[in-house]
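Student: need a 3D model of the sequence below.
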Amino acid sequence: MTKHPLWKESRPPDLAWRTPSGRTRAERVAEQDDAAGNRQAREMRLSDGRRVHGSIALRVLPRGRRIYAYLRWSVRGKTKESFVGEVSRDTRSANLAEAWRMVREDESLEMTSSSESAERAEASSWASSPASQAIMRANKGRDTRPEKALRSAVHALGCRYRVDTRPIKSVRRTADLVFPRQKLAVFLDGCFWHGCDEHYRPAKGSTSEFWNNKIADNRRRDRDTDQRLHQAGWEVIRVWEHDDPASAAEHIAHRVNRARKSDAYSDDPMECSVGDE
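Tutor: Predicted coordinates for the structure are as follows:
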């Protein structure tokens, strides 16, 4: 009887996938760096613009005979992961390297390019002045005070939403509040990082070119995000961090209710407790 070409005769040996016992955290980090090529090659760009370092996990099911690779990263202390594929090399180091090669070839996984990593390294070297350091410290990512205030105000009106998720799975953009059934995405933009006309002031000094280009790129990305979502039938609301959260919440609630009524979601629990505009 001819065996299926994908059939595996036996379980892979531990040395092909299992992490050796007793290995320190520093040794595990170095192993991932070596497999990826260097530490910068492990850098991932999240939808909100932040960078994190990914790692590869190799697994074999309890009764399995195949090695599966997963890309893992951490967001706010919670581990996220994405399936990469099957690897079949003889050693763990070779399988890690093969998995990183697959990651770089997968367009659905947004890894930072080598040029972006170099730019990031250059920016870090520039953040030596007190002003630059203050800017970097201010970039706290998610769960900022304005974000929490807006969520609380919207929630108080009876609106129910999803937080920090992609409105469209295939589009690498994350909205702060998402109402899936109404196809409404809310973005809370920081005045500095998104170039608020009222409060943003172009950078000056030795780092001005980098920062001004960075803000210009963010603005272009925002316009591109809006266009992509509009083309897919989504409505986009942008709120500045300086906006009054209560007023912004009422505006969002009106839009949610309007979308709900137009689509006749009589049993939709996301209706908000606010009157018509």
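Student: quick one: low-confidence residue ranges for the stretch 1-150 of the chain.
Tutor: Where the stretch 1-150 of the chain drops to pLDDT under 70, the residues are 1-8, 47-49, 107-143.
Student: do you have the strands of it handy? List them.
Tutor: Counting by DSSP state E, counting those that start in this stretch, the stretch 1-150 of the chain has strands at residues 43-45, 51-53, 55-59, 67-75, 78-87.
Student: select, out of those strands, the one closest to residue 96.
Tutor: Residue 96 lies closest, by CB to CB, to one member of these: strand 55-59, at 5.2 Å. The way it works is simple: take the backbone N, C-alpha and C, and place the C-beta from them, glycine included.
Student: how about the closest one: buried residues?
Tutor: 55, 56, 57, 58 (16 or more other CB atoms under 10 Å).
Student: and that strand, which strands flank it?
Tutor: Partners of strand 55-59 in the sheet, by DSSP bridges, are strand 67-75 (antiparallel).
Student: now the strand it pairs with and strand 78-87, what's the angle there?
Tutor: 160 degrees (axes from the mean of the first three to the mean of the last three CA atoms, to 10 degrees).
Student: now do strand 67-75: everything it contacts.
Tutor: 12, 16-17, 44, 46, 52-61, 79-88, 95-96, 98-99, 102-103, 109, 142 (CB atoms under 8 Å, 6 or more residues apart in numbering).
Student: how about that strand as CSV, C-alpha atoms only?
Tutor: The C-alpha coordinates for strand 67-75 follow below in CSV (Å, rounded to 0.1, in the frame of the first residue of the first chain):
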residue,chain,number,x,y,z
ILE,A,67,5.7,20.8,13.9
TYR,A,68,3.6,24.0,13.7
ALA,A,69,5.1,27.5,14.0
TYR,A,70,3.3,30.5,15.5
LEU,A,71,4.2,34.1,15.7
ARG,A,72,3.7,35.5,19.1
TRP,A,73,3.8,39.1,20.5
SER,A,74,2.5,40.9,23.6
VAL,A,75,0.0,43.7,23.8
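Student: buried residues, it. List them.
Tutor: 67, 68, 69, 70, 71, 73.
Student: what of stretch 14-24?
Tutor: Applying 16+ other CB under 10 Å to stretch 14-24 flags 16, 17 as buried.
Student: now do that stretch: distance from first to last residue.
Tutor: Length of stretch 14-24, first residue to last, CA to CA, to the nearest Å: 18 Å.
Student: please apply the same query to stretch 229-238.
Tutor: Using CA to CA, the two ends of stretch 229-238 sit 13 Å apart.
Student: could you do stretch 225-238 as well?
Tutor: Per CA to CA, stretch 225-238 runs 11 Å from first to last residue.
Student: which residues touch that stretch?
Tutor: By CB under 8 Å, 6+ apart, stretch 225-238 touches 167-168, 171, 173, 182-187, 189, 222, 251-252, 255, 259.
Student: among those residues, which one sits closest to residue 40?
Tutor: residue 173 (23.9 Å).
Student: what's the spacing between the residue nearest in space to the middle of the chain and residue 155?
Tutor: Geometric centre of the chain, nearest residue: residue 46, 2.8 Å, by CA atoms, centre = their mean. When distance is defined by CB to CB, to the nearest Å, residue 46 is 24 Å away from residue 155.
Student: now residue 35
Tutor: 43 Å.
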